[in-house]
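> Build me a model from this:
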Amino acid sequence: MANPWAGEVALVIDGKRRVLKLTLGALAELEAGLAEGSLVDLVERFEAGRFSTRDVLMLIVAGLRGGGWQGRASDLMQAEIEGGPMGAAKAAAELLARAFALPDAGA
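This next block holds a predicted model:
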């Protein structure tokens, strides 16, 4: 089970449940691969609903790598993602939100 308090998001890919997480290393790799801007720009694109399928795929790959996956983006080109493109976009948005959420002030 994915632990949202640890920044984890679950996604079913080709019938297998995976746990995704944006670790610092995964975020660094993600930022290095961005075609434009920084992670802040990526967050802003998601907040404004202006993200691309490339953004979604890069976030899914980074989250998978942060969860221990050793694959490449090309491995996902023919993959069946539960929920289709909208399911993938939702998981990507949740990854960003959980990675950059501020800790609860009362905790």
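> For stretch 35-46, the averaged confidence score.
For stretch 35-46, mean pLDDT is 87.
> Going by neighbour count, which residues of the longest helix seen in the chain are buried?
Using DSSP state H, we find that the single longest helix of the chain is helix 84-99. Buried residues in helix 84-99, defined by neighbour count with 16 or more other C-beta atoms under 10 Å: 88-89, 91-96, 98-99. For the C-beta atoms, the positions are set from N, CA and C on the backbone; glycine is no exception.
> what helices or strands is that helix leaning on?
strand 8-13, strand 16-21, helix 39-48, helix 53-66 (3 or more C-beta pairs under 8 Å, 6 or more residues apart in numbering; DSSP states H and E).
> Which of the ones you listed sits closest to Ser74?
Of all the helices and strands packed on helix 84-99, it is helix 53-66 that lies closest to Ser74, at 9.7 Å by C-beta to C-beta.
> List the buried residues in the closest one.
Neighbour-count burial for helix 53-66 [16+ other C-beta under 10 Å]: 55-66.
> what about this protein, any weak spots by pLDDT?
103-107 (pLDDT under 70).
> One more pass at 80, please.
1, 35-36, 101-107 (pLDDT under 80).
> circling back to that earlier point, which one of the helices and strands packed on helix 84-99 lies closest to Glu31?
helix 39-48 (5.2 Å).
> Just the angle for the closest one relative to helix 84-99, thanks.
Counting by axes from the mean of the first three to the mean of the last three C-alpha atoms, to 10 degrees, helix 39-48 lies at 130 degrees to helix 84-99.
> still on that earlier bit, and which of the buried residues of helix 53-66 is nearest Glu36?
Checking the buried residues of helix 53-66 one by one against Glu36 (C-beta to C-beta), the nearest turns out to be Asp55, at 10.0 Å.
> circling back to that earlier point, any chance you could list what contacts the longest helix of the chain?
For helix 84-99, contacts defined as C-beta atoms under 8 Å, 6 or more residues apart in numbering pick out 4, 7-11, 20-22, 27, 42-43, 46, 51, 53, 55-57, 59-60, 62-63, 81, 83.
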